[in-house]
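Asks: Need coordinates for the below:
(one chain, ligands or ions: 2)
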Amino acid sequence: MQVDPTIYREKIPFKRLDLDAVSVVKRLNRAGHIAYLVGGSVRDLLLGRKPKDFDIATSARPTEVRRLFRNCRLIGRRFRLAHILFANGKIIEVATFRRNPEEGDATSEPTRHASRAVNSTREKRRAADASQVNRDGQDLLIRRDNTYGDPHEDAVRRDFTINGLFYDIQNGQVIDYVGGVQDLRKRVVRTIGRADLRFREDPIRILRAIKFCTQLDFGIIPEVYDAMVDQRLELRRSAPPRLLEDTMRLLRSGAAHRAVYLAWDVGVLGMLFPDLTAFLEDNAFGDHLLWNRLIAIDNICQEGRLPSDSVLLAALLLEPIQEVLQTASEPDRILQELFENLTRSMALPRRMKDRINRIVMVQNLLQQGKLRGLMQRDFYFDAVSLFELQCLARGVELPEWISSGAVSERPARSRSRRKSERQ
Ligand code: ATP
Ligand code: MG
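Replies: Ligands and ions are numbered 1, 2, ... in the order given. Predicted coordinates for the structure are as follows:
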């Protein structure tokens, strides 16, 4: 079906684009395929930010992409994506346009209506909402794999309007099926279609809404905010490893302080870390160190010194863990329970759990400057990172043994590090 996008002429200077991504798009175009930049890179380019990565959406099927690029690897068993590999480990992801099978199945009527009423953004949005309205009360969680679609279908399956834009490099134009350009101008996070339904389809989007709003300093429209509150319990239905990964993304975003606060405000923090929210509620006046630690994390991330995931989680959970260590009659058992919850809800790997435990346990020794025996341990650097965060949070000077270089500086973490190395 034909749905016309709004086209914005927008010549983004080549020097702001990734040259490898440009060459991939050009080669796809030369072979007769549609190929656009999509998602986060278009959003960030239009906001004047430096994109983290440059993803490409194309009409070419994965095998066609592979035929065009020698440096291509197909990944994914059911829905195949092409990864084009470049020097320094850079990967450009090329995905064939796809659609939500559920959405397509339930929407043939309203989408026909949409093809007639295409002109205003509001009408497009209404059509997208109508396409989901009959799905109230159903189990909407997306479990099946996606199927191929056209550019319009590919845009509307995405999460937020600001993430649903295409950039056509060849013609220097932004292709907008979802009202994303207007929302970028208004600086708001809005789901594509009805917020409650989109969150029920994939509750991880609630965490993503928190990330975009806090990282970009955007507002959330009231409908989306209310749906985040109403649908937060759905997070229990998300795959635990995705919950962990998107929670870590909040902590690594450079806006961890605002993200954790918003997550608390929306009621999501209690879904992720019940022990932490219980602590915050019991200690309304004593919780400032947590917030200061999160500010310290943001400052450190902005300097390009990303702490490991274990340090980030330990910094988040320090007070509830210390409370157990200091007050519980059977601290081991209670801590076990605390971590058990995280293992169940977020698939927290055992290695990470052990490391968090260790680095929290030795904080007292570091406080007393008792480094002997610790320096050889593999968790030493993480323990010191946590200690440093705590000093920054307290506003006290770093002890001489940190500032004098007893701890060698660990190199900034590269984004391509494997998951196992992050712990
Ligand atoms: P970042 O700059 O943090 O990477 P991003 O928007 O690029 O942000 P990615 O996780 O890299 O986020 O995803 C790329 C794109 O895929 C998004 O911009 C969005 O269009 C789409 N997307 C990602 N996750 C979802 C989801 N859960 N539901 C729908 N669309 C999604
Ligand atoms: Mg991205």
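Asks: Let's see the pLDDT reported for the residue of the stretch 1-150 of the chain found nearest ligand 1.
Replies: At 2.1 Å from ligand 1, Gly40 is the closest residue in the stretch 1-150 of the chain, using C-beta to the nearest ligand atom. Backbone N, C-alpha and C define where each C-beta goes, glycine included. Gly40 is assigned a pLDDT of 97 by the prediction.
Asks: Skipping its backbone neighbours, what lies nearest Asp183 in space?
Replies: In space, and not counting its chain neighbours, Asp183 is closest to Thr161: 4.5 Å by C-beta to C-beta, 6 or more residues apart in numbering.
Asks: isn't the one you found right next to Lys186, touching?
Replies: No: counting by C-beta atoms under 8 Å, Thr161 stays clear of Lys186, with 10.0 Å between them.
Asks: higher neighbour count, the two?
Replies: Thr161 (31 against 14; other C-beta atoms under 10 Å).
Asks: and stretch 347-357, what's its mean pLDDT?
Replies: On average, stretch 347-357 scores 92.
Asks: neighbours around Thr277, how many?
Replies: Residues lying near Thr277 (other C-beta under 10 Å) number 18.
Asks: Against ligand 1, how distant is it?
Replies: In this view, Thr277 and ligand 1 are 24 Å apart by C-beta to the nearest ligand atom, to the nearest Å.
Asks: per the record, what domains does this structure have?
Replies: Listed by automatic domain parsing, the domain ranges of the chain are 6-186, 264-422.
Asks: Just send those back as CSV, with distance to ligand 2 too.
Replies: Listed next are the domains of the chain as CSV, based on distance: least, C-beta to the ion, whole Å:
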stretch, distance to ligand 2
domain 6-186, 4
domain 264-422, 10
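Asks: re the thing from before, list the contacts of the residue of the stretch 1-150 of the chain closest to ligand 1.
Replies: With contacts defined as C-beta atoms under 8 Å, 6 or more residues apart in numbering, Gly40 is in contact with Pro51, Lys52, Asp53, Asp55, Asn163.
Asks: Asp378 too?
Replies: Per C-beta under 8 Å, 6+ apart, neighbours of Asp378: none.
Asks: Phi, psi for it please.
Replies: The phi and psi values for Asp378, taken as degrees, to the nearest 10, are phi -70, psi -20.
Asks: Mind pulling up the pLDDT for it?
Replies: Asp378 is given a pLDDT of 90.
Asks: and what of Arg333?
Replies: Taking Arg333 on its own, its pLDDT is 78.
Asks: Find the nearest non-adjacent residue to Val38, please.
Replies: The nearest residue in space to Val38 (C-beta to C-beta, 6+ apart) is Ala57, at 4.1 Å.
Asks: Would you double-check that that neighbour falls in a strand?
Replies: Yes: counting by DSSP: H, G, I helix; E, B strand; the rest coil, Ala57 is part of a strand.
Asks: hang on, isn't it packed against Pro151?
Replies: Yes: between Ala57 and Pro151 a contact is recorded at 7.3 Å, counting by C-beta under 8 Å.
Asks: so what sits against both of those two?
Replies: Counting by C-beta under 8 Å, 6+ apart, the contacts common to Ala57 and Pro151 are Tyr36, Phe97, Phe166.
Asks: Helix, strand or coil: sort out Phe166 for me.
Replies: Classification of Phe166 by three-state DSSP places it in strand.
Asks: bridging residues for it?
Replies: For Phe166, the beta-bridge partners are Val38, Ile175 (DSSP bridges).
Asks: what's the neighbour count on it?
Replies: Phe166 has 24 nearby residues by other C-beta under 10 Å.
Asks: Find the residue ranges of the protein scoring beneath the pLDDT cut-off.
Replies: 1, 102-137, 142-146, 285-287, 328, 403-423 (pLDDT under 70).
Asks: Quick check: residues of it near ligand 1?
Replies: Gly39, Gly40, Lys52, Asp55, Arg158, Asp159, Asn163, Asp202, Ile204, Arg205 (C-beta under 6 Å from any ligand atom).
Asks: Which of the contacts of Gly40 are buried, as a PyMOL select command?
Replies: The buried residues among the contacts of Gly40 can be selected in PyMOL (16 or more other C-beta atoms under 10 Å) with this line:
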select buried, resi 51+55+163
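Asks: Next step: the contacts of Gly40 restricted to strands.
Replies: Among the contacts of Gly40, the members found in strands (DSSP state E) are Asp55.
Asks: want to throw the contacts of Gly40 into JSON lines with distance to Leu348?
Replies: Below are the contacts of Gly40 laid out as JSON lines (distance: C-beta to C-beta, whole Å):
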{"residue": "Pro51", "distance to Leu348": "30"}
{"residue": "Lys52", "distance to Leu348": "25"}
{"residue": "Asp53", "distance to Leu348": "26"}
{"residue": "Asp55", "distance to Leu348": "29"}
{"residue": "Asn163", "distance to Leu348": "28"}
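Asks: And stretch 323-331, end to end?
Replies: Taking C-alpha to C-alpha, to the nearest Å as the measure, stretch 323-331 stretches 9 Å from start to finish.
Asks: which residues sit against it?
Replies: Contacts to stretch 323-331, defined as C-beta under 8 Å, 6+ apart, come from residues Phe279, Ile334, Leu335, Leu338, Val360, Met361.
Asks: Leaving out the residues flanking it, which one is nearest to the fifth one?
Replies: Nearest in space to Val360, with sequence neighbours left out and distances taken as C-beta to C-beta, 6+ apart, is Ile321 at 5.0 Å.
Asks: Look up how far Leu251 lies from that neighbour.
Replies: To Leu251, Ile321 is 16 Å away according to C-beta to C-beta, to the nearest Å.
Asks: ditto for Arg157
Replies: Counting by C-beta to C-beta, the gap from Arg157 to Leu251 is 27 Å.
Asks: swap in Ile210?
Replies: Ile210 is 11 Å from Leu251, by C-beta to C-beta.
Asks: tell me, what's touching these two both at once?
Replies: Common neighbours of Ile210 and Leu251 (C-beta under 8 Å, 6+ apart) are Ala259.
Asks: Show me which of the two is the more surrounded one.
Replies: With neighbours defined as other C-beta under 10 Å, Ile210 and Leu251 compare such that Ile210 has more, 29 against 24.
Asks: And the more buried one, which helix or strand is it part of?
Replies: Assigned by DSSP states H and E, Ile210 belongs to helix 204-216.
Asks: again, but for Ala393
Replies: Residue-wise, Ala393 maps onto helix 380-394 under DSSP H and E.
Asks: What subset of the contacts of stretch 323-331 is buried?
Replies: Phe279, Ile334, Leu335, Leu338, Val360.
Asks: quick one: the helices in the stretch 1-150 of the chain?
Replies: 19-30, 40-46, 62-68, 101-106, 108-116, 121-133 (DSSP state H, counting those that start in this stretch).
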